[in-house]
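Asker: sequence plus predicted model, see below.
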Amino acid sequence: MRHVLLTAALAATWFSAPALAVEAGKATPLIERTALFGNPSRVAAKLSPDGKWLAWIAPNKGVLNLWVAPIDHPTQGQPLTEETKRPIRQYLWSPDSSALLFINDKGGDENFLLYKVGIKDHKQQSLTPFEKTRVEIVGTSEHIKDRILVGLNNRDARWHDVYSLDLASGKLTKVLENHGDYAGFLADDNLALRIAIRSRPDGGNDFFHVQGDKVDDKPFSSVGLDDSQTTQPSGFTYDGKTLYWLDSRDRDTAALTKQDVGSGKTTIVAQNPKADIGGVMANPKTGEVQAYAVDYLKNEWTALDPSIAGDLDFLKTQLKGQYDVTSRTDADDLWTVDVDPVNAPGTTYLYQRANKKLTKLFVSRPELEKATLAPMYPREIASRDGLTLVSYLTLLAGSDSKHPGVPDHPLPMVLFVHGGPWARDNYGYNRYHQWLANRGYAVLSVNYRGSTGFGKRFISAGDLQWGKKMHDDLLDAVKWAVDQKVTSPEQVAIMGGSYGGYATLAGLTFTPDTFACGVDIVGPSNLQTLLKTIPAYWEAGKVQFYKRMGDPTTEAGRQLLQERSPLTKADAIKKPLLIGQGANDPRVNQAESDQIVKAMDAKHIPVTYVLFPNEGHGFARPENNIAFNAVAEQFLGKCLGGRSEPIGNALKASTAKVPHGAAFVPGLEQALGSGK
């Protein structure tokens with residue numbers, strides 16, 4: 001009884017928040033969670049290679065499935081699949097346009113298998129009918145239409161063997177058995193393996209030529225740790241004579257280069273001093289790169305080939321927002337184009353090149369067309385040691401009436417930290433930014449050191465800096481926001497998933513007075529146990545983890561990992577914590593959340609823990625995502641004073657369990673009812 005009274009008293013003390021966000025948001029209607037986190041109406045449109053069909057992902061009986069329609073009647077769509085549990089999120093067309101290929105796992109275990117469904121007969125077939133197997137697409141071809149190359153790790157979970165997959169019969173023929181510890185392979189348009197990649201003891205990569213089913217003994221090229229995430233072969237032209245690279249050797253940011261296979265001569269195609277070359281557009285007939293993208297503050301396309309320069313100029317002038325060409329027919333007469341207006345839902349168009357005609361196909365979330373969405377502001381923030389942190393700020397709509405991007409009065413703020421950590425935040429529509437801003441908060445996302453896209457030096461600046469300089473960058477961004485009067489120092493929460501979850505735990509343990517509260521989604525609490533339990537198929541990247549995080553095979557490395565593990569400082573937590581976890585997470589095991597909850601409970605420190613039995617690394621099922629966010633906005637509302645939509649029946653529609661701390665979130669016990 002004393003434990004219950006003590007924790008309840010602590011929670012009451014911690015949750016004394018001003019109501020400024022509620023006052024500031026009165027003029028902005030509340031957007032329902034389901035409109036932001038429920039199923040989209042339609043997304044991911046792709047043209048068939050022959051240009052006769054249009055496919056997309058949309059709900060079928062409440063679960064995301066594959067749909068198709070004739071291109072001349074795009075409104076007459078029919079569902080091709082009938083998944084009832086796990087949403088389909090990735091697919092591609094078969095080269096001959098007769099079927100769609102898609103991958104799916106079970107309950108978030110990330111053992112993705114490959115399936116085929118016919119366009120005309122709707123017959124579905126498992127192409128990789130194995131257990132505990134993760135499939136990879138190794139190669140597809142422009143002119144070979146009846147087969148593709150896949151990688152399977154069913155012989156040895158650590159390494160993928162390469163198979164030729166006959167798409168009509170489903171027959172798998174082994175091409176290369178991977179006994180050389182190769183992390184990946186690159187094939188040409190003849191579906192011949194040309195390059196194998198293997199990790200080096202120093203954390204870099206070696207690149208080997210492949211002859212038939214044999215890999216050369218000696219590499220033809222190598223990179224060290226610094227270049228390992230910014231240098232890799234990108235693909236061959238279809239005649240096999242030119243190899244494209246994204247290459248940071250002898251420079252900081254990754255340039256697009258092309259190498260003459262015969263002579264070995266390399267030419268720089270494009271480069272940018274501030275950011276890596278990101279996406280490319282390749283000619284569907286030749287494989288030659290025609291345009292490239294650079295994403296520094298925003299993503300921008302530049303044409304290399306005059307034959308499409310007019311098309312890209314037309315799209316830029318006609319479409320409001322960032323655009324991406326998402327599919328092209330073999331004849332290259334039709335494109336699908338997505339446009340992101342940021343403060344409006346995304347729209348997909350059909351583009352007919354011959355007459356430069358754009359036809360709207362669909363809006364991804366039409367229920368948001370009348371909602372008051374907020375703009376996003378790119379910001380460059382200086383770290384204490386002189387790095388530039390590209391960041392993105394979203395404010396409650398209408399709160400910056402005097403100066404766009406500067407609130408009229410400081411707002412409570414959520415520092416929303418991206419995962420990875422070797423990933424990045426981008427400019428564009430972000431449902432978490434829109435949701436939190438709508439609830440009354442400023443939302444700030446920071447590309448802290450270690451984030452990708454800004455050159456190799458920026459990535460390497462994060463080496464061995466988990467919980468140290470990487471965390472300092474987040475603190476510097478908070479100080480910037482306070483100095484700019486975006487927020488007040490006592491009104492900042494920290495939230496994120498994966499590494500963002502780790503950053504949340506680090507924030508509440510290593511700097512316990514900085515944040516008012518934290519929301520951790522699938523974040524590791526113990527870096528030593530994290531590295532012990534990473535998936536077997538990450539074996540090739542293990543050395544790089546050790547070099548960039550801390551080496552558990554050495555005493556110094558073990559000590560560093562222990563020092564940077566929030567679990568070791570759990571008793572320092574002073575502020576409210578909410579944890580969300582998927583029980584089947586293969587990357588950050590459930591034990592990572594269990595152990596910090598146990599440690600906090602042992603010290604009588606309140607924590608709320610939400611567990612989803614049918615989820616993995618994040619929450620793929622919309623009903624589960626909605627349920628967790630229903631809890632999170634009540635939690636944040638009590639902590640920061642923001643608005644919130646009642647939980648209602650959100651948890652009853654999900655599989656959410658609350659093993660600990662339901663009493664610390666308003667309305668959670670009532671919403672759970674019985675059986676949770």
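Answerer: It's in. Numbers count the residues shown, from 1 in each chain.

Asker: so who does residue 312 touch?
Answerer: 291, 301, 303 (Cβ atoms under 8 Å, 6 or more residues apart in numbering). Just so you know, the C-beta spots here come from the backbone N, C-alpha and C atoms, and that holds for glycine as well.

Asker: rerun that using 6 Å as the cut-off
Answerer: 301, 303 (Cβ atoms under 6 Å, 6 or more residues apart in numbering).

Asker: check the secondary structure at it for me.
Answerer: helix (DSSP: H, G, I helix; E, B strand; the rest coil).

Asker: separation between it and residue 351?
Answerer: According to Cβ to Cβ, to the nearest Å, residue 312 stands 11 Å off from residue 351.

Asker: hang on, isn't residue 627 packed against residue 654?
Answerer: Yes. The criterion here is Cβ atoms under 6 Å, and residue 627 meets it with residue 654 at 3.5 Å.

Asker: over to the closest residue to residue 357 other than its chain neighbours: give its phi and psi.
Answerer: Among residues not flanking residue 357 along the chain, residue 351 sits closest, at 7.3 Å (Cβ to Cβ, 6 or more residues apart in numbering). Per-residue torsions, residue 351: phi -120, psi 120 (degrees, to the nearest 10).

Asker: so, low pLDDT: which residues of the stretch 201-350 of the chain?
Answerer: Scanning the stretch 201-350 of the chain for pLDDT under 70 picks out nothing.

Asker: comparing residue 627 and residue 654, which residue is more hemmed in?
Answerer: residue 627 (27 against 23; other Cβ atoms under 10 Å).

Asker: wait, is that one part of a helix?
Answerer: Yes. Judged by three-state DSSP, residue 627 forms part of a helix.

Asker: need the contact list for it.
Answerer: 650, 651, 654, 656.

Asker: tell me how many other residues surround residue 556.
Answerer: 9.

Asker: my error: substitute residue 673 in the last question.
Answerer: 10.

Asker: per-residue confidence for it?
Answerer: For residue 673, the pLDDT comes out at 82.

Asker: where's it relative to residue 666, distance?
Answerer: Taken as Cβ to Cβ, the span from residue 673 to residue 666 is 16 Å.

Asker: quick one on the thing from earlier: just to check, the residue nearest to residue 357 is in contact with residue 337?
Answerer: Yes. Shown here, residue 351 and residue 337 form a contact pair, counting by Cβ under 6 Å, at 5.2 Å.

Asker: quick one: the helices in this structure, in order.
Answerer: With DSSP state H as the criterion, the chain has helices at 2-14, 20-24, 33-37, 306-318, 431-438, 456-460, 469-483, 499-510, 527-532, 542-549, 555-563, 590-602, 622-640, 668-672.

Asker: for residue 253, which non-adjacent residue is closest in space?
Answerer: Leaving aside its sequence neighbours, residue 253 sits nearest to residue 455 (Cβ to Cβ, 6+ apart; 4.1 Å).

Asker: contacts only, for the residue nearest to residue 357.
Answerer: 335, 337, 358.

Asker: closest one of these to residue 124?
Answerer: residue 335 (28.5 Å; Cβ to Cβ).

Asker: the closest one and residue 279, how far apart?
Answerer: In terms of Cβ to Cβ, residue 335 sits 14 Å off from residue 279.

Asker: go on, residue 158?
Answerer: 30 Å.

Asker: same question, residue 482
Answerer: 36 Å.

Asker: try residue 572
Answerer: Taken as Cβ to Cβ, the span from residue 572 to residue 279 is 43 Å.

Asker: residue 345 too?
Answerer: 22 Å.

Asker: and those two? Which one has more around it.
Answerer: Higher neighbour count among residue 345 and residue 279: residue 345, with 22 against 13, using other Cβ under 10 Å.

Asker: hang on, that one packs against residue 362?
Answerer: No. Between residue 345 and residue 362 there is no contact under Cβ under 6 Å: 10.0 Å.

Asker: residue 80 reaches residue 66, doesn't it?
Answerer: Yes. With contact defined as Cβ under 6 Å, residue 80 reaches residue 66; the gap is 4.6 Å.

Asker: could you measure from residue 82 over to residue 517?
Answerer: 42 Å.

Asker: so where is this structure shaky, pLDDT-wise?
Answerer: 1-26, 674-676.

Asker: packing partners for the longest strand along it?
Answerer: Identified as the longest strand of the chain according to DSSP state E is strand 147-156. The contact analysis (3 or more Cβ pairs under 6 Å, 6 or more residues apart in numbering; DSSP states H and E) places strand 147-156 against strand 135-139, strand 159-166.

Asker: any idea how far it is from the middle of the chain?
Answerer: 24 Å (Cα atoms, centre = their mean, to the nearest Å).

Asker: just the C-alpha atoms of it, please, in CSV.
Answerer: In CSV, the C-alpha atoms belonging to strand 147-156 read as follows (Å, rounded to 0.1, in the frame of the first residue of the first chain):
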residue,chain,number,x,y,z
ARG,A,147,12.5,-14.4,-63.3
ILE,A,148,14.3,-12.3,-60.7
LEU,A,149,17.1,-12.9,-58.2
VAL,A,150,16.4,-13.2,-54.5
GLY,A,151,18.5,-13.8,-51.4
LEU,A,152,17.4,-16.3,-48.8
ASN,A,153,18.9,-16.9,-45.3
ASN,A,154,17.1,-20.2,-44.7
ARG,A,155,20.4,-22.2,-44.8
ASP,A,156,22.3,-19.9,-42.4
